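Visitor: Here is my input, please return the structure:
(chains A and B)
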Amino acid sequence: MLPVLPLGPFVLQTPFLILIAGVWLGLTASERYAHRHVYDANRLSNLALASLVAGLLGARLSFVAGHPAAFTGNLLSILSPTPTMLDPLGGLFVGILAAVIYAQRKKLPLWQTLDVLTPGLAVFFIALGVAHLASGEAFGAKTSLPWGINLWGETRHPSQIYEILAASAIAVVLYRLQATIRWPAGVCFLGWTALTAFMRIFLEAFRGDSLIWPGGLRPAQIVAWLILVAALTLLGKRWPEVPPVVPPVSAPTEIQEGL
Amino acid sequence: MDSYPRNWTWITAGILLLSAAWIGLTTAFAPATTGGGVAFPRVGFTAPDFELTGLDGKVVTLSDYRGKVVFLNFWATWCPPCKAEMPAIQNLTLVYPPEQVAILSVNATNQDNLADIQTFVADYGLTFPILLDLDGNVNRTYQVQALPSSFFIDAEGQIQKVIYGGPLSEAMLRAEISRLVEELS
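Guide: Residues are numbered from 1 along each chain as shown, chains lettered A, B, ... in the order given. Predicted coordinates for the structure are as follows:
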């Protein structure tokens, strides 16, 4: 675990740096995918930028709205560079909202845009696992299995490593499939969503920090199951529109480019 | 829907049933949250107890503050972000009554010196307990990797938030502490 990196008088938050790297690598992967699928990469970059900026602003404003008393008489604190004064859920909501508004204004095709964003999401989720490993968050439940790791005073499931392996496997499977078969628009995104939700349902059981409802139910599993229902239903509807086709023989040189 | 694949419905139903069964099965696993049973300097765990002597000679034990929200700050006089956030921490004493919130600051005295600490406390007009970690044991127990480091502990003695580094703004401190104070009532 390496939650911070002391650098003289400064303390760098390692997980935050890893997440920034994940966003950058994810965008690079999405731009490559966009080039290969004749999608305007500039529009993709603008969409991501609008969403990120709005998401950050939304996260801060949502934090302020949740704790108004803390800012009364000290309004300038709203502009404080403290990264902990962010509400992730509020930021996610505003970021998605900004992306939807931008996409509608620019008349971006919904399913193609989501497909182009998928490689980026796949890479970002790997980075998220690495960030959890660095911070020690999302830690595993106690175990006596031989591959358990000693963490926070107990031998635990290496849940962060499970998370990285699962996200990497999903990314590799999708990369292989999209490189060999031209799927109908939306299938790439919905496939990634379904696989990610399925993995979350499975892996959540090994977490040691889950929120638990009475009866032992984990809300994260319930939410992931509902997402899985939606993704599989939509996948079924998208699937038959155009039958998958194998790209022409000249395609292998493009396949080498990566996600 | 003419070309809707008949098999897809069965595949979907199978995957959903399988995952629902897993969700049901895993409710029987041991509770996943740590529940505060283990003392460890992490969110969700019980704050490790300690006993330290203050600058005023009084002995302070963390567990004596059960029932109150505790803001625990690790610092040293030579650390610039520690200096920057001290006025905000001092202001907390004006906002929260001592019956609700205890502010404890642990000085890494093994990396500091008493004369500097006394000057620092006088210069900043600090009124909360300044605890001296002479051998660095409490810093080690709390796995302090950077100064300042701050721990927000609820009335049950469970760590609710950890922040490595600083300086923390007063708004941030008040937001976190107020959230824990609201849980008191």
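Visitor: Shouldn't residue A:214 be within a strand?
Guide: No. Residue A:214: not assigned to a strand; according to DSSP: H, G, I helix; E, B strand; the rest coil it is coil.
Visitor: What number of residues are in the vicinity of it?
Guide: The tally of other residues near residue A:214 (other Cβ atoms under 10 Å in any protein chain shown) stands at 5. Every residue, glycine included, has its C-beta placed from N, CA and C.
Visitor: same deal with residue B:12?
Guide: For residue B:12, using other Cβ under 10 Å, the count is 18.
Visitor: Quick check: pLDDT value at residue B:149.
Guide: At residue B:149, the model reports a pLDDT of 94.
Visitor: where exactly do the helices run in chain A?
Guide: A:14-36, A:41-66, A:68-71, A:88-105, A:110-135, A:159-180, A:187-204, A:219-238, A:252-255 (DSSP state H).
Visitor: And the residue nearest the centre of chain B?
Guide: Centroid-nearest residue in chain B, with Cα atoms, centre = their mean: residue B:151, separated by 2.3 Å.
Visitor: List phi and psi for the nearest residue to residue A:66 once chain neighbours are set aside.
Guide: Nearest residue to residue A:66, sequence neighbours excluded (Cβ to Cβ, 6 or more residues apart in numbering or on different chains): residue A:87, at 6.1 Å. Backbone geometry at residue A:87, expressed as degrees, to the nearest 10, gives phi -100, psi 110.
Visitor: my guess is residue A:87 contacts residue A:59, does it?
Guide: Yes. Counting by Cβ atoms under 8 Å, residue A:87 touches residue A:59, with 5.3 Å between them.
Visitor: Those two: which has the busier surroundings?
Guide: Neighbour count, other Cβ under 10 Å: between residue A:87 and residue A:59, residue A:59 has more, with 22 against 19.
Visitor: ok, the more buried one to chain B distance?
Guide: Going from residue A:59 to chain B by Cβ to the nearest Cβ, to the nearest Å gives 13 Å.
Visitor: Next one, pLDDT for that residue please.
Guide: Reading off the model, residue A:59 has pLDDT 96.
Visitor: Which helix or strand in chain A has the lowest average pLDDT?
Guide: Taking mean pLDDT, DSSP states H and E as the measure, chain A has helix A:252-255 as its least confident helix or strand, at a mean of 44.
Visitor: Quick check: closest non-adjacent residue to residue A:91.
Guide: Per Cβ to Cβ, 6+ apart, closest to residue A:91 is residue A:59, 2.8 Å.
Visitor: Quick check: the one you found vs residue A:48, distance?
Guide: 16 Å (Cβ to Cβ, to the nearest Å).
Visitor: what's the answer for residue B:178, then?
Guide: 35 Å.
Visitor: Repeat that for residue A:142.
Guide: Applying Cβ to Cβ to residue A:142 and residue A:48 gives a distance of 40 Å.
Visitor: Please identify which of those two sits among more neighbours.
Guide: residue A:48 (20 against 16).
Visitor: Run through chain B and note the low-pLDDT ranges.
Guide: Residue ranges of chain B with pLDDT under 70: B:1-6, B:30-37.
Visitor: so what's residue A:182 bridging to?
Guide: When bridges are called by DSSP bridges, residue A:182 pairs up with residue A:245.
Visitor: how much space is there between it and residue A:136?
Guide: In terms of Cβ to Cβ, residue A:182 sits 42 Å off from residue A:136.
Visitor: These two: who's more crowded?
Guide: residue A:136 (19 against 16).
Visitor: Check the contact between that one and residue A:1; I expect there is one.
Guide: Yes. Residue A:136 lies in contact with residue A:1 (Cβ under 8 Å); the separation is 4.3 Å.
Visitor: which neighbours do those two share?
Guide: residue A:151 (Cβ atoms under 8 Å, 6 or more residues apart in numbering or on different chains).
Visitor: on that earlier part again, quick one: what helix or strand has the residue nearest to the centre of chain B in it?
Guide: strand B:149-153 (DSSP states H and E).
Visitor: right, and the helix or strand after the longest helix belonging to chain B?
Guide: Across chain B, the longest stretch assigned as helix under DSSP H is helix B:6-26. Counting by DSSP H and E, the next helix or strand C-terminal to helix B:6-26 is strand B:51-54.
Visitor: List the neighbours of the following helix or strand past that following strand that are in contact with it.
Guide: The helix or strand immediately downstream of strand B:51-54 is strand B:59-61, counting by DSSP H and E. The contact list for strand B:59-61 (Cβ under 8 Å, 6+ apart) reads B:49, B:50, B:51, B:52, B:53, B:54, B:104, B:129, B:131.
Visitor: and the angle from the helix or strand following strand B:59-61 to strand B:149-153?
Guide: Counting by DSSP H and E, the next helix or strand C-terminal to strand B:59-61 is strand B:69-75. Per axes from the mean of the first three to the mean of the last three Cα atoms, to 10 degrees, the angle that strand B:69-75 makes with strand B:149-153 is 170 degrees.
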